[in-house]
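Peer 1: only geometry, no sequence info:
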């Protein structure tokens, strides 16, 4: 059981996070990497690194033989799986044990039991853990499931037994939706998890999502390290996570904690686990599932308890008893976490791919930022687009949420779009600040936020862009004493903008559609511009690469191209019939042929990146001309895929 070298079978921020603690405890660390990750931060942090295959996860991070071989090559005698990938894979845990490698996590049997929503719910009922009424039997005929659903009553949830992340899950409001929901959930479950097994549960409408952190050791000791509230979600994906829960009472905390420990004991659980519950307005709570790994949101628990959960994992895996008993565990203050993603909220959170030209994490007291990024890097289409987890601690919840919003706002990510503006606006929403949220909050109360809708560039932003393009040739040309008036043509969000720019000493004025704005340049370097507008001094981070400028504005990331000197045919924008890729990805289907007549909005082909499929639609009525892209081809953002002749 004793080990000396830990291989982290993961990538990105969690790999870095685990290695930092392992190194601090005196363990040697080993990274694994794919083609896409050969220069990644986790590879640089590790003492040793082993190449495990091509960029596709199935050939690298999900390849059990390749990871076991990496252990043998380096002499790593323990594996930490992180989260995702193989962290909850029974075969992987068993393969480690069979090869004499310590798996830093629970037994394969516990993983298998808790990986099935159906079997785990049966076990929880037997252990006396409160569960949502429903059907979790082994008769999986659609007609029989429909019959059981009618007995449960509407509204109800249909869930994939092997599911997670909202896939294979349907909320059914009335009987007319039932059969379609059952069939769709089964199809999704089979495609995503290889199992079409379903369970049915009475729907708990707009509950809080509250989870309990538990730990067990090999000596039969168990504790709970209090709760985390993960109620603010989008499509069953957690967006904001915090500890403690804003509505928790000492009595409810104890009852939920003891129920979570009972769940862990029922499967002889070892290591870190999380028992998730639904909490309704009356204070009743129901078992949802148990995650048999370290959670993405574990830092909020660490910040309020002062404990290192990865250290606990390593100690337990090494055969030690839990460092503290339940009576010795305390917490103070409040911690909140959000996840910064390379995704575009204005395009239904479409994942973004491409080069990160600048990444600077905020440097504020009581703020922790876990990330796997270098100052420059690449967001690959092969993996989850999370850039960083931003966590803030405060003496109370209001302090924590205010600090967190500032930390997200002060972090700089340029080169790809992100959900930064969405997160800042969410954290400053009055209902979120008050803590009066549930799992339906974003869907019901946040859909009209400006971060979710395309916005026009402000005159202030246009003036800044004009200043940067006008002064691109030198960083010291202001105050020349020469007044100039120049045309400037920009491409932004597939729009073409024609401006008149006037330069007079350090002042820059822009005019568009009869409106005008003037700014005065105070100072400029290669990363930041300081300026005056209407008597107010401000600063903005930017990256200028050729004819492309990236701004970190108050209204989110902005990317604008200078097309002033492009030939007319290459300066075309949306509506020209040239169908371009909105992101890096792989073409998985072309649904039209040359010569087909198509209408505006009709799907032409399907692109996939990060397991998300995007329908690429025609922007004009016309006839399909040349099809450049082929099924299976990897394409880059803005690459022409086909043409539609007007």
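Peer 2: Now that the structure is in, tell me what you want to look at. None of these values were measured; they are calculated from a predicted model. Residues are numbered from 1 along each chain as shown.

Peer 1: and residue 413, how far is that from residue 373?
Peer 2: According to CB to CB, to the nearest Å, residue 413 and residue 373 sit 9 Å apart. Yep, even glycine has a C-beta here, placed from its N, CA and C like the rest.

Peer 1: which one's more surrounded, these two?
Peer 2: In this view residue 413 and residue 373 are compared by other CB atoms under 10 Å, and residue 413 has more residues nearby, 26 against 23.

Peer 1: show me what contacts the more buried one?
Peer 2: By CB atoms under 8 Å, 6 or more residues apart in numbering, residue 413 lies in contact with 340, 342, 356, 358, 359, 387, 420, 552, 557.

Peer 1: before we move on, back to that, what's the overlap in contacts for residue 413 and residue 373?
Peer 2: Residues touching both residue 413 and residue 373 (CB under 8 Å, 6+ apart) are 356, 359, 387.

Peer 1: average pLDDT across stretch 60-73?
Peer 2: For stretch 60-73, mean pLDDT rounds to 98.

Peer 1: can you map out the strands along the stretch 201-350 of the chain?
Peer 2: 208-216, 222-234, 237-243, 271-279, 285-291, 334-341, 343-344, 350-351 (DSSP state E, counting those that start in this stretch).

Peer 1: nearest to residue 144, of these?
Peer 2: strand 285-291 (23.4 Å; CB to CB).

Peer 1: in that closest one, which residues are buried?
Peer 2: Using 16 or more other CB atoms under 10 Å as the test for burial, strand 285-291 gives 285, 286, 287, 288, 289, 290, 291.

Peer 1: the first one touches residue 256, doesn't it?
Peer 2: Yes. Shown here, residue 285 and residue 256 form a contact pair, counting by CB atoms under 8 Å, at 5.7 Å.

Peer 1: nearest residue to residue 361 other than its sequence neighbours?
Peer 2: The shortest distance from residue 361 to any non-neighbouring residue, by CB to CB, 6 or more residues apart in numbering, is to residue 369 (4.2 Å).

Peer 1: dihedrals phi and psi, that neighbour?
Peer 2: Dihedral angles of residue 369 (phi, psi; degrees, to the nearest 10) stand at phi -130, psi 110.

Peer 1: repeat that for residue 74.
Peer 2: Here is the backbone geometry of residue 74 (degrees, to the nearest 10): phi -100, psi -10.

Peer 1: list the contacts of it.
Peer 2: Contacts for residue 74 (CB under 8 Å, 6+ apart) come out as 5, 7, 30, 48, 50.

Peer 1: of those, closest to residue 171?
Peer 2: residue 7 (40.7 Å).

Peer 1: what is whichever strand or helix holds the closest one packed up against?
Peer 2: Here residue 7, judged by DSSP states H and E, is contained in strand 5-8. Other helices and strands packing on strand 5-8, by 3 or more CB pairs under 8 Å, 6 or more residues apart in numbering; DSSP states H and E, are helix 12-24, strand 28-34, helix 64-74, strand 78-80.

Peer 1: and residue 216, how far from residue 122?
Peer 2: 21 Å.

Peer 1: between these two, who's got more neighbours?
Peer 2: Neighbour count, other CB under 10 Å: between residue 216 and residue 122, residue 216 has more, with 23 against 17.

Peer 1: okay, buried residues for stretch 406-418 please.
Peer 2: Buried, per 16+ other CB under 10 Å, within stretch 406-418: 406-418.

Peer 1: need the residues you listed in CSV (columns: secondary structure, pLDDT and distance to residue 134).
Peer 2: Below are these laid out as CSV (DSSP: H, G, I helix; E, B strand; the rest coil; pLDDT from 0 to 100; distance: CB to CB, whole Å):
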residue, secondary structure, pLDDT, distance to residue 134
406, helix, 98, 43
407, helix, 98, 41
408, helix, 97, 38
409, helix, 96, 43
410, helix, 95, 46
411, coil, 96, 42
412, strand, 96, 47
413, strand, 96, 42
414, strand, 96, 48
415, coil, 94, 46
416, coil, 92, 42
417, coil, 92, 40
418, coil, 95, 38
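
Peer 1: got those as TSV, with distance to residue 585 columns?
Peer 2: Shown next, in TSV, are the buried residues of stretch 406-418 (distance: CB to CB, whole Å):
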residue	distance to residue 585
406	34
407	31
408	27
409	30
410	31
411	26
412	26
413	20
414	21
415	17
416	14
417	15
418	18
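
Peer 1: re earlier: among the shared contacts of residue 413 and residue 373, which one has the most neighbours?
Peer 2: In terms of neighbours by other CB under 10 Å, the shared contacts of residue 413 and residue 373 top out with residue 387 at 29 neighbours.

Peer 1: what helix or strand is that one located in?
Peer 2: Taking DSSP H and E as the criterion, residue 387 maps to strand 386-394.
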